[in-house]
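Student: model the structure of this input:
(5 chains)
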Amino acid sequence: RELSDPAEADAYLSSPTTTWIHIQGNPGTERLQAFGDLFGLHPLALEDVMNVGQRPKVDRYDGQLFAVLARPWFDGDDVAIEQVSIFYGRGFIVSFDTGDNDPFKPVRRRLQHSRGRIRTRSADYLLYTLFDFVIDTGFPLLDDLGDRVDELESDVLEQPRAAAAREIHRLRRHLLLLRRMLWPQREAVNNLLRDGDDIIHEETRPYIRDCYDHTIQIMELIEVYRDMASSILEVHLSAVNNRLSEVMRVLTVIATIFIPLTFIAGVYGMNFHHPGSPWAMPELYWYYGYPVVLLTMLFVAGGLLLYFWRKGWLSRVQ
Amino acid sequence: RELSDPAEADAYLSSPTTTWIHIQGNPGTERLQAFGDLFGLHPLALEDVMNVGQRPKVDRYDGQLFAVLARPWFDGDDVAIEQVSIFYGRGFIVSFDTGDNDPFKPVRRRLQHSRGRIRTRSADYLLYTLFDFVIDTGFPLLDDLGDRVDELESDVLEQPRAAAAREIHRLRRHLLLLRRMLWPQREAVNNLLRDGDDIIHEETRPYIRDCYDHTIQIMELIEVYRDMASSILEVHLSAVNNRLSEVMRVLTVIATIFIPLTFIAGVYGMNFHHPGSPWAMPELYWYYGYPVVLLTMLFVAGGLLLYFWRKGWLSRVQ
Amino acid sequence: RELSDPAEADAYLSSPTTTWIHIQGNPGTERLQAFGDLFGLHPLALEDVMNVGQRPKVDRYDGQLFAVLARPWFDGDDVAIEQVSIFYGRGFIVSFDTGDNDPFKPVRRRLQHSRGRIRTRSADYLLYTLFDFVIDTGFPLLDDLGDRVDELESDVLEQPRAAAAREIHRLRRHLLLLRRMLWPQREAVNNLLRDGDDIIHEETRPYIRDCYDHTIQIMELIEVYRDMASSILEVHLSAVNNRLSEVMRVLTVIATIFIPLTFIAGVYGMNFHHPGSPWAMPELYWYYGYPVVLLTMLFVAGGLLLYFWRKGWLSRVQ
Amino acid sequence: RELSDPAEADAYLSSPTTTWIHIQGNPGTERLQAFGDLFGLHPLALEDVMNVGQRPKVDRYDGQLFAVLARPWFDGDDVAIEQVSIFYGRGFIVSFDTGDNDPFKPVRRRLQHSRGRIRTRSADYLLYTLFDFVIDTGFPLLDDLGDRVDELESDVLEQPRAAAAREIHRLRRHLLLLRRMLWPQREAVNNLLRDGDDIIHEETRPYIRDCYDHTIQIMELIEVYRDMASSILEVHLSAVNNRLSEVMRVLTVIATIFIPLTFIAGVYGMNFHHPGSPWAMPELYWYYGYPVVLLTMLFVAGGLLLYFWRKGWLSRVQ
Amino acid sequence: RELSDPAEADAYLSSPTTTWIHIQGNPGTERLQAFGDLFGLHPLALEDVMNVGQRPKVDRYDGQLFAVLARPWFDGDDVAIEQVSIFYGRGFIVSFDTGDNDPFKPVRRRLQHSRGRIRTRSADYLLYTLFDFVIDTGFPLLDDLGDRVDELESDVLEQPRAAAAREIHRLRRHLLLLRRMLWPQREAVNNLLRDGDDIIHEETRPYIRDCYDHTIQIMELIEVYRDMASSILEVHLSAVNNRLSEVMRVLTVIATIFIPLTFIAGVYGMNFHHPGSPWAMPELYWYYGYPVVLLTMLFVAGGLLLYFWRKGWLSRVQ
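Tutor: Okay, here's the model as predicted:
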């Protein structure tokens, strides 16, 4: 059921079953304070609910448990993080989500239709279910980032693109944000396991452990993507370098061959003229002057080509 | 009240309430010694108060607690660190700050106006408040640095700027200094929590834990900014590289096309002249000599353009 | 024997000996559930068997042990990972492998032929054998990758190849995947050793320790190959750089020598002509004009060569 | 007093006070053996005194304590490390220093003039004083290195210098050596604190802890300088890259504009001449031929300038 | 004495003294099995003796101790690793070395000549001696590598050499191999110390601790050389970059000055000729045409030189 007033929750509290109240979006300070008074929540925890952007953590306040989790999603092209805050005490669970869409809709539906193990289990199983839902929102996001990594990789392996460095940077930015917010989640879930004998029952512990495994898997994926991004950037820089090297090679071969030839042509374009002097460019007046010069040019070009061929500059680096 | 003489503090000490004395700026060796004698402070701790630039830490001297904290602020464009030293013993708190402005003014005002939880709580809550104030001065500073990172990022993503490397270096310098001074703060706050049963009351511990969370958050932000700075530098270097590659590509295409053409023009600019020889540049005297040479040039240029087009050098790297 | 129905396994269970059942390929949900009911397997573990791609781990569910291992192999040119899941309880071992080929064929043959220590030992020795087989599949793979590293190295040391960066990237990709999947294997085997007093007998422990040594050896090899790949990439980039530098050196030497000479030739190719003016290129009409200009050119070229020789640009960087 | 013979020390040993003997420079094997026999020093420790270059450490040999410390100093432009070895037993301290200058002169003077706390305290306070003196020799050295880092930084930020990489390398070399020798010092001092109840008195422990803080501070400074050096190197490389890019830009703009113009001039420098042919360069004989060609050149140059201006190549990267 | 048959060793075993048997080279499977039967060695340990290339380690098999150590040496220009395997039990030590030369010859000689502490001490002292000998073979090797590092460094600091990257890579390869094989040695020796109360006597422990110090020293040297190699590579790359920058600067200055001049010369080399037109290159027929053009060229060249001088391109980067 949907409640419009925290006071309505009071009736449920006295019943022996577990009451779960979920508040979507910004609760507002007063409503939050009302909840705090009703369930005896710690003021520091309430502050953390209001000041969104907290690191994921699990705190204990005499018998109660307060958890902050991070729910990442793609807001258009950017990674956004919603804060999920969960209070867990005797007979109640109160959860808050800062986003616009309720991530726990499927949980509620299951509860209403008495489907799955969720109704027959104890309250800590419900707590596990909430943790599980929030943590597993990381996987589709990472799949998406993984696709971008693969795409970037095949783009860069095919041909150098100037935008690659920028896109890799954007990817890294996402990964940095995710790592910062999801890394403490691992510790938070582990915190549940460490000295949670009194709060988490023995039969729920394997489920929490499974949850913990997921947080580790997410961190490992993030690290792998970061390493991939670095490696792709290196391939990209190497490709840009190769292209530059290739461009310079062609320029050098062509310029170096024609510059001496042009010089020779320039020499015989000079206008020295002294009718009586045998030193005034007599070549110009030889019978075979022109073909001899052309042959000379051919020899020079051939020699340079031979030099480049032996240096391996005529074929591109494979 | 403001005191002008350490001896005046004596009267307050005998009262059952907690006395908090704050000394702003350099206390001077004698005045410091007077305080030391009055409260029985350890000589090593007094030395640390005088020799500013200490690493943040929490030390215990039989029943007394001595804390050094770092308060960072922007001194113009540079990050400066003020040392805050706090003595905490039975019935008294003595705090020192090396800066010009008292960071605890709001705390004092709250105490005077009996606002908040601060007056009704025990002395360790006041200690927490001081820690909290000093540690949270890191956040606006990091927000400012975060803005600089974002600014640098959008600058660099837009177009390469030669000064980018220098600005990234300056940013890193700030982050290095902050990391060096704020990293041990984490450990210091944790030290309060670890075996502080006798000094920190049970109900104040969640507050200290909150403080500890803040120190971790600050360190994580610093690490994220460092990673961002490195990534931005790589984008910048890649952009400079791309620009160089682009410049070379244009030079190569234009030079490589015109150098052979100029050579051909140079050949027919030669002055070989032998009236009787059929080898003396007969092309010059052909009916269609000139247009044939122009066409040859066109073919050469076209061939080279085709070659470059197939190499993908005519369009810039996207 | 090959079974077609999980129910057939029931008969074996009641016997005092250990029953080992191996299921190759996808078991299908129903068949898996049947096994789960028969042996009392935990539903979370069964889920992990179905959702392949799990991190290697060893979990304990009241008395039973559930292990996930990763079996890497070369699928053509790519590294593929098959998931091996092993249940170990009182009197039974159930193993699953997602691949097409049974990796435990040699174990079965040994058992059937009563060869080796395997038949006379207790059930945990069989468990060790299965672990050993799965873990040791990493060695031939790493040998193969090691060969590729060596090949790349000798290729790159000989001459720069544009594809080197790409091949190193592919290698790194394989190593990243392997590291991600094999790293937790180490911890999983160690988990067997840590508090396994009740499950692993004292005389089997040295064997498990040997297994653990192998997982460490594999991780060390992966790290060494990663370091090698980075080092090779640096050699490659340095070689590309050297080649670029070499190309530019040749271009600079030849262009810089001939450009001034061509300019001189260009000057004397000008058509200034004023019969009465002594300023209209009188050099053209000198008796020794031409040889003087040629000598000038020779001096200029010689001077530049001398300059380059002293700068050490005439010989390539060794 | 100065002793010339180890045997003279015997008399002091029997007195109830603590005897401190300091040996400067190389003691020689025999003299060392004499000391060893006199005080019952362990042969391994004596070996370590002779074989200088040991890692700093604190070892315990039944009741005795043997410490090796590293005393760094600037030997001209190079960092040199002297080994300080200290034996501490019941009633005696024997210290050795391999350098030429006695680092403990001020300690002796204080002892002789009964200044400070040093005479009234127990023997472990003297031990602390020796440790403190040796460890604090690191600070002026690091100040000096810090100055070099700052100098390099401002040099590199101002303009690229070819020698920067070399100087940064030299700096790193110093830092590597310091880190290698001073890092274990931290552990050695901590060793004194850990289980030294019997050797270090309760009231001396805060002093040793202070000493330990100094070792950490030194290591942190070394790490900061290393990070600074890396960052400066990156700024330097970026500056070299920028300069190269700038040089290439100017070359490209000027070469690319004049190469086509020179080609046009070359064309009209050709000597095609056929009196009867209307195709033999008729432009040369047009009334407005020359100004038309000059205007064409102007258009070409203008077009290219426009192209470069739109590409942003006419202004340097800021 | 040299034995030709394992059975001969039996006689020695019954004596109350410690028997040390050393087997050089490949023992062969049968002989090894004979030893295994004689001394009751664990089959897994025997396997490790045969399969050379094991990681150094210390294992315990009920009362016996099995150690694998790595003995590095220079095989020509490559680093090779020999495996030394040592069994240590009540009354015997059996050691194996895979190399050609017995590393324990000096130990045997000392034993035979009753020199040193080695004969009078207990068996674990002999064990220590063997460990010490194997571990200390690392020092001359690292000295040699240190010399190569220094040589490379002075080579690279003097002038860029194309082979530097390759040599640094080879060095790194050696260091990687050494690190991989010697790193676990540290742990192995530490293993002796940790819970070796029953095996290693109290008076031998300082010696083992000394041994442990040596393994750490070796690892630290390897790390320092790796850091040095990276730093040298960076210096080398920077030098190559500087040289490229220098080459381009010279090319740019000379090409940029002469290209416009050549263009001007080209213009006045054009053959426009129209007797009646005042537009047909009248400059060619001016009285001062030629010197005016030469002066123009001089101004252009001077202007460009001034431009370059103000940009600081005429002097090389210092």
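
Student: from here on, just use CA atoms for contacts and neighbour counts.
Tutor: Noted.

Student: need the nearest residue in space to the residue in chain A positioned nearest to chain C, chain neighbours excluded.
Tutor: Per CA to the nearest CA, residue A:270 is where chain A lies closest to chain C, at 3.9 Å. The shortest distance from residue A:270 to any residue other than its chain neighbours is 3.9 Å, reached at residue C:269 (CA to CA, 6 or more residues apart in numbering or on different chains).

Student: report the secondary structure state of that neighbour.
Tutor: coil (DSSP: H, G, I helix; E, B strand; the rest coil).

Student: ok, it - contacts?
Tutor: Residues near residue C:269 by CA atoms under 8 Å, 6 or more residues apart in numbering or on different chains: A:266, A:267, A:269, A:270, A:271, E:265, E:266, E:268, E:269.

Student: how about a cut-off of 10 Å?
Tutor: Going by CA atoms under 10 Å, 6 or more residues apart in numbering or on different chains, residue C:269 touches A:266-272, B:269-271, C:263, C:284, D:269, E:265-270.

Student: same thing with residue A:230?
Tutor: Residue A:230 sits next to A:168, A:169, A:172, A:224, A:236, B:231, C:169 when contact means CA under 10 Å, 6+ apart.

Student: so which helix or strand takes in the first one?
Tutor: For residue A:168, the element it lies in under DSSP states H and E is helix A:164-194.

Student: let's test this: mean pLDDT of that helix, rounded?
Tutor: Helix A:164-194 shows a mean pLDDT of 88.

Student: report the distance from that helix to the chain centre.
Tutor: Relative to its chain's centre, helix A:164-194 lies at 9 Å (CA atoms, centre = their mean, to the nearest Å).

Student: list the helices and strands that helix packs on?
Tutor: Under the contact criterion of 3 or more CA pairs under 10 Å, 6 or more residues apart in numbering or on different chains; DSSP states H and E, helix A:164-194 touches strand A:57-61, strand A:64-75, strand A:78-89, helix A:123-136, helix A:138-158, helix A:205-267, helix B:138-158, helix B:205-267.

Student: count of residues packed around the closest residue to residue A:157 other than its chain neighbours?
Tutor: Excluding the flanking residues, the one nearest residue A:157 by CA to CA, 6+ apart is residue C:166, at 6.6 Å. As a burial measure, residue C:166 scores 23 neighbours (other CA atoms under 10 Å in any protein chain shown).

Student: from residue A:183, how far off is residue C:166?
Tutor: For residue C:166, the distance to residue A:183 (CA to CA, to the nearest Å) stands at 31 Å.

Student: is the closest residue in space to residue A:48 that isn't next to it in sequence in a helix, a strand, or coil?
Tutor: Leaving aside its chain neighbours, residue A:48 sits nearest to residue A:54 (6.7 Å; criterion: CA to CA, 6+ apart). Taking three-state DSSP as the rule, one finds residue A:54 in the coil state.

Student: show me what contacts residue A:229?
Tutor: Counted by CA under 10 Å, 6+ apart, residue A:229 has contacts A:149-150, A:152-153, A:165, A:167-169, A:171-172, A:175, A:223, A:235.

Student: can you tell me how far it is from residue C:175?
Tutor: Residue A:229 is 15 Å from residue C:175, by CA to CA.

Student: try residue A:167
Tutor: Using CA to CA, we find residue A:167 at a distance of 24 Å from residue C:175.

Student: which one's more surrounded, the two?
Tutor: residue C:175 (22 against 18).

Student: the more buried one touches residue C:225, doesn't it?
Tutor: Yes - if you go by CA atoms under 10 Å, residue C:175 and residue C:225 touch, sitting 7.8 Å apart.

Student: who touches both of those two?
Tutor: With CA under 10 Å, 6+ apart, residue C:175 and residue C:225 have common neighbours C:142, C:145, C:219.

Student: for chain E, see how far away residue A:287 is.
Tutor: Residue A:287 sits 24 Å away from chain E, taking CA to the nearest CA, to the nearest Å as the criterion.

Student: again with residue A:63
Tutor: 41 Å.

Student: next: residue A:127.
Tutor: According to CA to the nearest CA, residue A:127 stands 43 Å off from chain E.

Student: for chain A, give me the ranges with low pLDDT.
Tutor: Low-confidence segments of chain A (pLDDT under 70): A:1-16, A:114-120, A:195-197, A:316-318.

Student: residue A:278: neighbour count?
Tutor: So residue A:278, with other CA under 10 Å, has 13 neighbours.

Student: which SS class is it?
Tutor: Following three-state DSSP, the label given to residue A:278 is coil.

Student: isn't it up against residue C:287?
Tutor: Yes - if you go by CA under 10 Å, residue A:278 and residue C:287 touch, sitting 8.2 Å apart.

Student: so for residue A:141, what's the nearest residue that isn't a sequence neighbour?
Tutor: residue A:73 (6.4 Å).

Student: ok, the one you found - contacts?
Tutor: By CA under 10 Å, 6+ apart, the neighbours of residue A:73 are A:79, A:80, A:81, A:82, A:99, A:137, A:138, A:140, A:141, A:142, A:178.
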